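# The sequence and its predicted three-dimensional model are supplied below.
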Amino acid sequence: MAYVRIGVVTFPGSLDDTDAARAVRYAGAEPVRLWHADRDLRGVDAVILPGGFSYGDYLRCGAIARFSPVMGELIPAAQAGLPVLGICNGFQILCEAHLLPGALTRNAGLRFIDRVVRVRIEDTGTPWTADYAQDQEISVVLKSGEGAYVADPATLAALTAGGQVLARYASGNPNGSADDIAGVTNQAGNVVGLMPHPEHAVDPLTGPSADGLGFFSSVLRSVVPA
């Protein structure tokens, strides 16, 4: 599957771009480095927005990154169907860009969380989760200070009714997210945001498990290479 090319965007302050590129290689695809100032997605088949602190998280997490040149290219591509995965800060950026509903706010207790969590996959119909079984529980790493997912009651009801809740925390709610939500999708299912880090769980030698690899192997079988 090496002909599948997955773009990994680096913003000033990104921390997990190298880990995301490594996960792409583990899955058997070619990671393509994209820079925040790029105005060309270089013909990639999918894009990952990694975790970190884009632009130092000034103003609001993801608020500046949403207006970067690369997002000017990515937003219409995502709206046209390009598979996009936003992890942690990438999830925040996707919400700021209105590619995903809701927002991420300070954790309950106002503390940074860094721990292994159990997450239940509730939507296997996306390009990023097709290799998982319905309601499969996986062990991944959560590390964030502003990871509590919030949305108004009507949006939360619509997400549940429309099958847009990608994943929920399965071992207690670590950060106060509404409805235990750990990840959501857009209505089309091609844009996914996930607060925990699957890229830190692709090899038992360096992570709590290899459970996160399914996100990256799934997209390989879901995209049609350009």
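In hand now; what should we look at?
# Which residue ranges of this protein form strands?
5-10, 30-35, 46-49, 84-87, 103-105, 113-121, 137-144, 148-150, 165-169, 181-185, 191-194 (DSSP state E).
# is it possible to export these to TSV including mean pLDDT?
Listed next are the strands of the chain as TSV, based on pLDDT from 0 to 100:
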stretch	mean pLDDT
strand 5-10	98
strand 30-35	97
strand 46-49	98
strand 84-87	98
strand 103-105	97
strand 113-121	96
strand 137-144	97
strand 148-150	98
strand 165-169	98
strand 181-185	98
strand 191-194	98
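# Format these as CSV; extra columns: distance to S217 and mean neighbour count.
In short, each C-beta sits where N, CA and C put it, glycine included. What follows is these, written out as CSV (distance: least, CB to CB, whole Å; neighbours: other CB atoms under 10 Å):
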stretch, distance to S217, mean neighbour count
strand 5-10, 11, 25
strand 30-35, 14, 18
strand 46-49, 12, 28
strand 84-87, 13, 29
strand 103-105, 26, 21
strand 113-121, 13, 18
strand 137-144, 13, 20
strand 148-150, 25, 21
strand 165-169, 16, 23
strand 181-185, 17, 27
strand 191-194, 14, 28
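# Out of these, which gets nearest to A157?
With CB to CB, the closest approach to A157 among these belongs to strand 165-169: 11.0 Å.
# returning to that earlier point: adding distance to A63, write the strands of the chain out as a markdown table.
Output for the strands of the chain, formatted as a markdown table (distance: least, CB to CB, whole Å):
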| stretch | distance to A63 |
| --- | --- |
| strand 5-10 | 16 |
| strand 30-35 | 19 |
| strand 46-49 | 14 |
| strand 84-87 | 14 |
| strand 103-105 | 10 |
| strand 113-121 | 21 |
| strand 137-144 | 16 |
| strand 148-150 | 16 |
| strand 165-169 | 23 |
| strand 181-185 | 19 |
| strand 191-194 | 15 |
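# Who are the contact partners of the nearest residue to G56 once chain neighbours are set aside?
Spatially, and ignoring its direct neighbours in sequence, G56 is nearest to G13 (5.3 Å; CB to CB, 6 or more residues apart in numbering). Residues in contact with G13 (CB atoms under 8 Å, 6 or more residues apart in numbering) are G52, F53, S54, Y55, G56, D57.
# Might one say that the second one is in contact with C88?
No. Here F53 does not reach C88: they are 9.8 Å apart, not a contact under CB atoms under 8 Å.
# So if I had to pick from the two, which one is more boxed in?
Taking other CB atoms under 10 Å, F53 and C88 do not tie; C88 has more neighbours (29 against 19).
# and the gap between that one and V223?
According to CB to CB, to the nearest Å, C88 and V223 sit 23 Å apart.
# where does this structure have low pLDDT?
1-2, 224-226 (pLDDT under 70).
# which stretches of it form helices?
Taking DSSP state H, the helices of the chain run over residues 17-27, 69-79, 89-96, 153-161, 213-222.
# and H36, what is it in contact with?
By CB under 8 Å, 6+ apart, the contact list for H36 reads V9, T10, F11, P12, S54, A65, S68, P69, V70.
# rerun that using 6 Å as the cut-off
By CB atoms under 6 Å, 6 or more residues apart in numbering, the contact list for H36 reads F11, S68, V70.
# phi, psi of the second one?
Think S68. For S68, the backbone dihedrals (degrees, to the nearest 10) come out as phi -70, psi 160.
# how far away is P153 from A178?
9 Å.
# Neighbour count: these two, which is higher?
Taking neighbours as other CB under 10 Å, P153 and A178 compare with A178 leading, 17 against 8.
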